[in-house]
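[1] model the following, please.
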Amino acid sequence: MTGAALDTVDRRIAELRSTVERIGQNLVELDADVTRQMLDASASLAGQTSDRWHDAQQRLSSLWQGQLALADVLERVVDERGSRSSVPRAALGRLATLLGGPSVSVARPDAPRALTEGTAPTDALTIDEVIARMSGDYDSVTALVGEVAAVWTVVVPRLGALEATVAELEAAADAAATRRPNDLASARRAIGDAGDLARSDPLAVPDDVLTRIAAMVERASSSLRASLAVRHELQGDLTAARACLAECVGALERARVTGAEVAARILLPDGEGSALARLGTVIDDLQHELAEASRLGETNPAVAARVLRTVAARMAGLRGQIDELEASELAALATRDELRGRLDAYRAKAQAVGRGEDLELDLLYVGARDLLHSAPCDLVEAEARVTSYQRSISSPRTSIDLSQKGTPAWPNA
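    You can find the predicted model right below:
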């Protein structure tokens, strides 16, 4: 035989040896793959995953059988080739048949055993045909394992993260005593269903399952954030309203104290007391409405906000009314003091114009003075007397009507 022909055989043997080694390494790695082992150990596979894994198991068996068959042919070829620098033509022909002919016997896929056959039916294939068949089986098995791994190592952990987020949102809603958004319950059900499906039939898990559930969780999160924002704003408004109403209560109490003090010195109109009572009733009503808004805030913040807006509208100007009422009370006291000052000034004027010893004019002065220092002081009458005294200073002497109110003793006014 020629050296060129033998070189071709040797190259072919080297290629086959390398191929058989790579096939063995790849099959060992596939056998050690965690996902493959989990599939093989699972007793709960169902649906299309169960069907495809059953087919994959048969392909795996065929792969190992094919690898052994190739290794057997390689061993026969190496034995036939030997270590000689040349081989007889007959040997070269046998090598050519082993390397290029149907020299590999492999089990026929899915073929039933015949009654007369002692073993499963086999096919006699060339090395290249066996490798091609094995490549198809290997690609099918690794594709299945890869698809399942994508679900078990990506989808399932992501479902767990989404479930944790749902739990956090539920806890936040419960802590705030607010209703859980509907999307939250929907997301939890969807996560549970997807998780069950991923464990039993991962290949049936829809590609968009994470996107759909994540959208539910995001909607729930947005709804909860909005609800908590409303609740937070409501609590702030309630706090401000309570503070404002407390100021009104304090102002009203001060106005009552001032009114009582002034009433001991000044004869106030009957309307002053009724105004204080009316404002007190308004404050009592507002306190009840504020308590109702606070109660509603625990269950229905939107309704509570409407009630609070009504309270705020009614409370607007309330403090001003109370302050005006107290100011009017103090103004009465200031008016009395101003009348006292005017009377003293007019007294000095009377003395300056030479009427300091005028008995009739002095009686007017004493009557006005005693009234201004009485308690409670009638401001209307007191002002009339001060005015009368003022006019009498500049008027000619006339007979004075002494039938006016008497001159009571001075209390401590």
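
[2] now the protein, which segments are flagged as low pLDDT?
    The chain contains residues with pLDDT under 70 at 1-4, 109-120, 271-272, 396-413.

[3] got the domain ranges for it?
    The domain map for the chain lists 3-149, 157-229, 231-329, with the assignment taken from automatic domain parsing.

[4] let me have those domains in JSON lines, extended by distance to residue 393 and mean neighbour count.
    All C-beta atoms are positioned from the backbone trio N, CA, C, and that covers glycine. Below are those laid out as JSON lines (distance: least, C-beta to C-beta, whole Å; neighbours: other C-beta atoms under 10 Å):
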{"stretch": "domain 3-149", "distance to residue 393": "115", "mean neighbour count": "15"}
{"stretch": "domain 157-229", "distance to residue 393": "73", "mean neighbour count": "16"}
{"stretch": "domain 231-329", "distance to residue 393": "26", "mean neighbour count": "16"}
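
[5] can you redo these as TSV with distance to residue 392?
    Conversion of the domains of the chain to TSV gives the following (distance: least, C-beta to C-beta, whole Å):
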stretch	distance to residue 392
domain 3-149	116
domain 157-229	74
domain 231-329	24
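
[6] for these, which one sits closest to residue 391?
    When the domains of the chain are ranked by proximity to residue 391, the top entry is domain 231-329, at 23.6 Å, counting by C-beta to C-beta.

[7] now the end-to-end length of that closest one.
    Criterion C-alpha to C-alpha, to the nearest Å; first-to-last residue distance in domain 231-329 is 42 Å.

[8] please identify which of the domains of the chain is closest to residue 395.
    Each of these was scored for nearness to residue 395 using C-beta to C-beta, and the closest is domain 231-329 (28.5 Å).

[9] the closest one: how far from the chain's middle?
    Here the centre of mass of C-alpha atoms in domain 231-329, compared against the chain's by C-alpha atoms, centre = their mean, to the nearest Å, lies 35 Å away.

[10] can you check stretch 201-210 too?
    Per C-alpha atoms, centre = their mean, the centroid offset for stretch 201-210 relative to its chain is 28 Å.

[11] before we move on, back to that, ok, which of the domains of the chain comes nearest residue 349?
    Comparison of those against residue 349 by C-beta to C-beta identifies domain 231-329 as nearest, at 25.9 Å.

[12] chain center to the helix or strand residue 223 falls within: distance?
    Take DSSP states H and E as the rule and residue 223 turns out to sit in helix 209-263. Using C-alpha atoms, centre = their mean, the distance from the centre of helix 209-263 to the centre of the chain it belongs to is 18 Å.

[13] which secondary structure elements does it contact?
    Packed against helix 209-263, as judged by 3 or more C-beta pairs under 8 Å, 6 or more residues apart in numbering; DSSP states H and E, are the following elements: helix 156-175, helix 182-200, helix 270-297, helix 301-315, helix 318-352.

[14] those helices into a markdown table, with extra columns for distance to residue 215?
    Conversion of the helices and strands packed on helix 209-263 to a markdown table gives the following (distance: least, C-beta to C-beta, whole Å):
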| stretch | distance to residue 215 |
| --- | --- |
| helix 156-175 | 11 |
| helix 182-200 | 9 |
| helix 270-297 | 30 |
| helix 301-315 | 25 |
| helix 318-352 | 49 |
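
[15] which stretch among the ones you listed comes nearest residue 235?
    Proximity to residue 235 (C-beta to C-beta) singles out helix 270-297 among these, at 7.2 Å.

[16] show me what that closest one is packed up against.
    The helices and strands touching helix 270-297, judged by 3+ C-beta pairs under 8 Å, 6+ apart, are helix 209-263, helix 301-315, helix 318-352.

[17] tell me which of the domains of the chain sits nearest to residue 363.
    When the domains of the chain are ranked by distance to residue 363, counting by C-beta to C-beta, first place goes to domain 231-329 at 22.7 Å.
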